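**Q** need a 3D model of the following:
(2 chains)
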2 protein chains.
Amino acid sequence: MDFDISTYLRERKAWVDDALAGIFEGLSRPRPLFDAMSYSLTAGGKRIRPALMMAAYEIFREDGRDIIGFACAMEMVHTYSLIHDDLPAMDDDDLRRGKPTCHKVFGDAMAILAGDGLLTEAFSLITNTDKTGNWPAEVRLGVVHELATAAGAAGMVGGQAMDILSEHREVDLDTVRFIHTHKTAALIRASVRIGAMLTGADSEDLSRLSRYGEAIGIAFQIVDDILDVEGSTDTLGKAAGADGKLEKATYPAVAGLTRAKEKAQAYITSARETLQPFGSRAESLQQIADLILKRNN
Amino acid sequence: MDFDISTYLRERKAWVDDALAGIFEGLSRPRPLFDAMSYSLTAGGKRIRPALMMAAYEIFREDGRDIIGFACAMEMVHTYSLIHDDLPAMDDDDLRRGKPTCHKVFGDAMAILAGDGLLTEAFSLITNTDKTGNWPAEVRLGVVHELATAAGAAGMVGGQAMDILSEHREVDLDTVRFIHTHKTAALIRASVRIGAMLTGADSEDLSRLSRYGEAIGIAFQIVDDILDVEGSTDTLGKAAGADGKLEKATYPAVAGLTRAKEKAQAYITSARETLQPFGSRAESLQQIADLILKRNN
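**A** Numbers count the residues shown, from 1 in each chain, chains lettered A, B, ... in the order given. Down below sits the predicted model:
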């Protein structure tokens, strides 16, 4: 088989980078706001959520580029969450993707507003027919609802709040699990679901992909927690050991490194099994699951 | 004529307050996040944007309560903007609507997340058929797009950024106008437009209501600027003189108090004229315009 996941991801990252480069075309005032938004948006992310969205779409359709607008919107929401998480009032991080964080370059006020702007423009984008193509209104509405629910207080924002509230505290595994499913898995799960929703996938397939997305999302965060302990700032592109300093509620902190690694592996195995009914059409999703386990940044 | 605008507004404020009180039903974890969101949402706003939305709807339909879900979503977006604006990194205000600001009670991190949560949940709400009633998907999509565009970087967030960037600087009237149209008028205009859009109003009526909304929105902010100079902290429920301290770009600062008052009056006159074709059906919008000019908080 000549399928190569690195090439697959590199190609999709290039599509997303290209599309994001022109995403604020026609908007420029005030300059520092759009500079701050573009700075973080083009700071070199792996574009894993857009890739997952397109890979899920490609189980049922030919070309992931059909949904590039939705993929960009997802990356905008992800980037907003990074900008706000890095703020001094939150995790107070100076480095992200190997570059100074948004607030270090543009100041706290502009970073807060850049995050607000990216989040809101994502909803503007996915409801813009000119920029995202011609989709049935019902489907598009479902996508807005999926994204808002996954990103909001019932999802990512709730997880981030729990994460902050758990710093310097004794927490149990249930709290860690809440943080992982909400802070990280919610948006990853939504990425996969939205890709499938745009093809009109039936509820059985959607439910399969939900379980896959949730499992790789949790594994993604467990690996993140492990890398914070074992990785170096150089490889990570962000400060290693940051969780320990804030006494964050992480899987390794609560259950130990060995158990954390076993658990990440188990989630990936279960995610892969969930995809079986799709056969080779889900090859890219299968291999992305593996990469999440093996990544070192 | 027995129409009384105070009764009209009091009634609608009660509808909105009631609906907002139960808006996070079923959501409670983590508690401090939802407490922070509810705290600011129920801190006693005038609910002028929801009232405007319902008043515009009632030009064409009987009962504004039909669109209470959308009115609540608008108030959630407005409340998010107040929470973020009040942050130490932004305007650093301790008092809002006569109560300590969100970050004074819940801390900066929870206030940032409460704002993020309110904004995102607003989009979740207006795409939730169970909670907002049965509207054509195309219409509902148009509402999402209207709200996102008005609230985002091309609208309110852009205006707030320009406001922050203009502190302690010599600015011209064009900059003040940019701030007023974006920071304040964009959301007020969208409130009126959404009310009409939900009735399927034609483009001529929509354009009329856009002009009305923009004019009263700008007047609203000019009056706000004037009250910051002439009002007392007691009456305002927020710190008087705050703009002067930050050397904000305001209409009185750039053109003087007299000219500011004339300008606010002129915008209100123009807004009222725009409504003429609607006759008595727009009586509530007419009187809201007057109130905006005469308000003292």
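**Q** in stretch A:9-25, what counts as buried?
**A** Using 16 or more other C-beta atoms under 10 Å in any protein chain shown as the test for burial, stretch A:9-25 gives A:9, A:12, A:13, A:15, A:16, A:17, A:19, A:20, A:23, A:24. C-beta here means a position set from N, CA and C on the backbone, and glycine is covered the same way.
**Q** now do it, average pLDDT.
**A** Average pLDDT, stretch A:9-25: 96.
**Q** and the strands in the stretch 1-150 of chain A?
**A** For the stretch 1-150 of chain A, the strands defined by DSSP state E, counting those that start in this stretch occupy A:95-96, A:99-100.
**Q** repeat that for the stretch 151-297 of chain A.
**A** Counting by DSSP E, counting those that start in this stretch, the stretch 151-297 of chain A contains no strands.
**Q** pLDDT below threshold where in it?
**A** For the stretch 151-297 of chain A, no stretch is flagged by pLDDT under 70.
**Q** circling back to that earlier point, just say which of the strands of the stretch 1-150 of chain A is most tucked in.
**A** Comparing these by mean neighbour count (mean count of other C-beta atoms under 10 Å in any protein chain shown), strand A:95-96 comes out on top with a mean of 20.
**Q** which residues are in contact with it?
**A** A:40, A:43, A:82, A:86, A:101, A:102, A:233, A:237, A:238, A:239 (C-beta atoms under 8 Å, 6 or more residues apart in numbering or on different chains).
**Q** would you mind measuring from the nearest residue to the third one once chain neighbours are set aside to chain B?
**A** What that stands for is residue A:82. Distance criterion C-beta to C-beta, 6 or more residues apart in numbering or on different chains; nearest residue to residue A:82, sequence neighbours excluded, is residue A:96 at 6.1 Å. Relative to chain B, residue A:96 is positioned 17 Å away (C-beta to the nearest C-beta, to the nearest Å).
**Q** bridging residues for residue A:96?
**A** Legend: beta-bridge partners of residue A:96 under DSSP bridges are residue A:99.
**Q** before we move on, the earlier item: closest to chain B among the contacts of strand A:95-96?
**A** residue A:86 (11.4 Å; C-beta to the nearest C-beta).
**Q** that closest one contacts residue A:100, correct?
**A** No. In this structure, residue A:86 is not within contact of residue A:100 by C-beta atoms under 8 Å, at 9.9 Å.
**Q** which residues of the stretch 1-150 of chain A lie near chain B?
**A** A:24, A:27, A:29-30, A:32-34, A:37, A:84, A:87, A:89-90, A:107-110, A:112-113, A:115-121, A:123-124, A:127-128, A:136-138, A:140-142, A:144-145, A:147-149 (C-beta under 8 Å from any C-beta of the partner chain).
**Q** hang on, the earlier thing: I'd like to know which of the contacts of strand A:95-96 are buried.
**A** Buried subset of those (neighbour count, 16+ other C-beta under 10 Å): A:40, A:43, A:82, A:86, A:101, A:102, A:237, A:238, A:239.
**Q** and the furthest pair within those?
**A** Using C-beta to C-beta, the pair of these lying farthest apart is A:40 and A:239, separated by 16.9 Å.
**Q** helices along the stretch 101-250 of chain A, start to end?
**A** A:102-106, A:108-126, A:129-132, A:137-151, A:156-165, A:173-179, A:186-197, A:203-230, A:233-236, A:242-245 (DSSP state H, counting those that start in this stretch).
**Q** closest to residue B:229 out of those?
**A** helix A:108-126 (23.5 Å).
**Q** what sits closest to residue A:27 if chain neighbours are left out?
**A** residue B:154 (5.5 Å).
**Q** to clarify, my last question referred to residue A:173.
**A** Per C-beta to C-beta, 6+ apart, closest to residue A:173 is residue A:254, 5.5 Å.
**Q** do I have it right that the one you found meets residue A:174?
**A** No. At 9.7 Å, residue A:254 and residue A:174 do not qualify as touching, with contact defined as C-beta under 8 Å.
**Q** higher neighbour count, these two?
**A** Between residue A:254 and residue A:174, residue A:254 has the larger neighbour count (other C-beta atoms under 10 Å in any protein chain shown), namely 18 against 9.
**Q** for the more buried one, what are its contacts?
**A** By C-beta under 8 Å, 6+ apart, residue A:254 lies in contact with A:171, A:172, A:173, A:176.
**Q** which residues touch the second one?
**A** With contacts defined as C-beta under 8 Å, 6+ apart, the neighbours of residue A:172 are residue A:254.
**Q** show me which residues of stretch A:163-174 are buried.
**A** Result for stretch A:163-174 [16+ other C-beta under 10 Å]: buried residues A:163, A:164, A:165, A:166, A:171.
**Q** and that stretch, how far out from the chain middle?
**A** The chain centroid and the centroid of stretch A:163-174 are separated by 22 Å, computed with C-alpha atoms, centre = their mean, to the nearest Å.
**Q** using CSV, write down the CA coordinates of it.
**A** What follows is stretch A:163-174 as a C-alpha-only set of coordinates in CSV (Å, rounded to 0.1, in the frame of the first residue of the first chain):
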residue,chain,number,x,y,z
ASP,A,163,-8.2,22.8,34.7
ILE,A,164,-7.6,26.2,36.2
LEU,A,165,-9.7,25.5,39.2
SER,A,166,-7.8,22.3,39.9
GLU,A,167,-4.3,23.9,40.0
HIS,A,168,-2.5,23.4,43.3
ARG,A,169,-5.2,21.0,44.5
GLU,A,170,-5.5,17.3,45.2
VAL,A,171,-7.8,16.0,42.5
ASP,A,172,-9.2,12.6,41.6
LEU,A,173,-9.2,10.7,38.3
ASP,A,174,-12.8,11.7,37.6
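**Q** ok, and the closest non-adjacent residue to residue A:98?
**A** residue A:237 (3.7 Å).
**Q** is that neighbour in contact with residue A:100, as I believe?
**A** No. Using C-beta under 8 Å, residue A:237 is not in contact with residue A:100, being 11.3 Å away.
**Q** now residue A:170: phi and psi?
**A** phi -80, psi 120 (degrees, to the nearest 10).
**Q** what's the spacing between it and residue A:249?
**A** Separation of residue A:170 from residue A:249 (C-beta to C-beta, to the nearest Å) stands at 9 Å.
**Q** what does residue A:180 give?
**A** Here residue A:180 is placed at a distance of 10 Å from residue A:249 (C-beta to C-beta).
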